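Colleague: Below: sequence and its predicted model.
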Amino acid sequence: MRLFSYWRSSASWRVRIGLRLKGLDAEIVPVNLRQGEQWAEPHLSRSGLGQVPVLEVQHKGEHRRLTQSLAILQWLDALQPSPPLIPPGPWAAARAWQMAEVINAGTQPLQNLTTQREVARLSNTDGQGWCREFITRGLDVLETMASQEHHRFLASTEPTIADCCLVPQIYNARRFACDTERWPRLMAVEAEAMALPAFRLSHPDHQPDAH
């Protein structure tokens with residue numbers, strides 16, 4: 001397997017966490033988003049939206065590719081069921097997906113690099129305030145959801161797809177100088193996660209293109 005990734009892409013980090021939780025090896029192939037490599041060939045042939053991550057696998061002599069981090073994590077869960085990224089039981093599974101989507105659909109797209117650049121272009125600002133507002137809004141909601149659970153992690157006693165999304169988003173919250181003290185439950189879950197090698201070793205600072 002090869003994972004086309006950018007060191008500080010939170011979506012790429014989610015997949016790196018999932019791979020390590022599953023004990024699966026993938027070659028990391030950097031795509032420099034700052035220099036625009038995502039908008040040029042050959043990456044556009046891998047991802048029509050010019051995004052990372054892209055997971056490439058060999059199947060009967062052909063390259064198969066998956067984009068979108070949660071789709072990749074779901075495939076990894078089917079490929080290697082243990083340990084599960086989706087908790088058993090329909091309600092627990094739905095809760096994990098719900099919390100993952102608060103970040104994946106409701107928070108991260110509003111502060112990613114493409115959005116930052118467009119906000120800066122339209123408002124003639126650096127977009128930092130915009131990012132802080134939407135990160136805070138999303139994590140406030142997630143804090144409320146997480147406080148209704150009574151687990152070591154967000155949705156279970158073990159890490160799930162929700163935690164794969166949470167830890168990179170907390171990293172982004174710190175980057176944009178958000179007040180993380182307003183999320184004590186999320187901070188406690190992050191501490192539990194970062195005690196595990198899968199989360200630590202997949203951290204942006206440990207990637208081959210980190211700078």
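Modeller: Nice, thanks for sending it over.
Colleague: For the worst-scoring helix or strand of the chain on mean pLDDT, give me every contacting residue.
Modeller: Least confident helix or strand of the chain, by mean pLDDT, DSSP states H and E, is helix 113-123 with a mean of 90. Outside of helix 113-123, the residues within contact range by CB atoms under 8 Å, 6 or more residues apart in numbering are L33, R34, P109, T125, D126, G127, W130, C131. Using the backbone N, CA and C atoms, a C-beta is placed for each residue, glycine as well.
Colleague: Going along the chain, name the strands of the protein.
Modeller: 2-5, 27-30, 54-59, 62-67 (DSSP state E).
Colleague: Any chance of those strands in CSV with mean neighbour count and mean pLDDT as columns?
Modeller: CSV is the format used below for those (neighbours: other CB atoms under 10 Å; pLDDT from 0 to 100):
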stretch, mean neighbour count, mean pLDDT
strand 2-5, 22, 98
strand 27-30, 16, 98
strand 54-59, 16, 94
strand 62-67, 13, 94
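Colleague: how about the contacts of helix 113-123 in JSON lines, adding distance to P168 and pLDDT?
Modeller: Below are the contacts of helix 113-123 laid out as JSON lines (distance: CB to CB, whole Å; pLDDT from 0 to 100):
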{"residue": "L33", "distance to P168": "15", "pLDDT": "96"}
{"residue": "R34", "distance to P168": "17", "pLDDT": "93"}
{"residue": "P109", "distance to P168": "13", "pLDDT": "95"}
{"residue": "T125", "distance to P168": "24", "pLDDT": "82"}
{"residue": "D126", "distance to P168": "21", "pLDDT": "82"}
{"residue": "G127", "distance to P168": "19", "pLDDT": "82"}
{"residue": "W130", "distance to P168": "19", "pLDDT": "92"}
{"residue": "C131", "distance to P168": "14", "pLDDT": "94"}
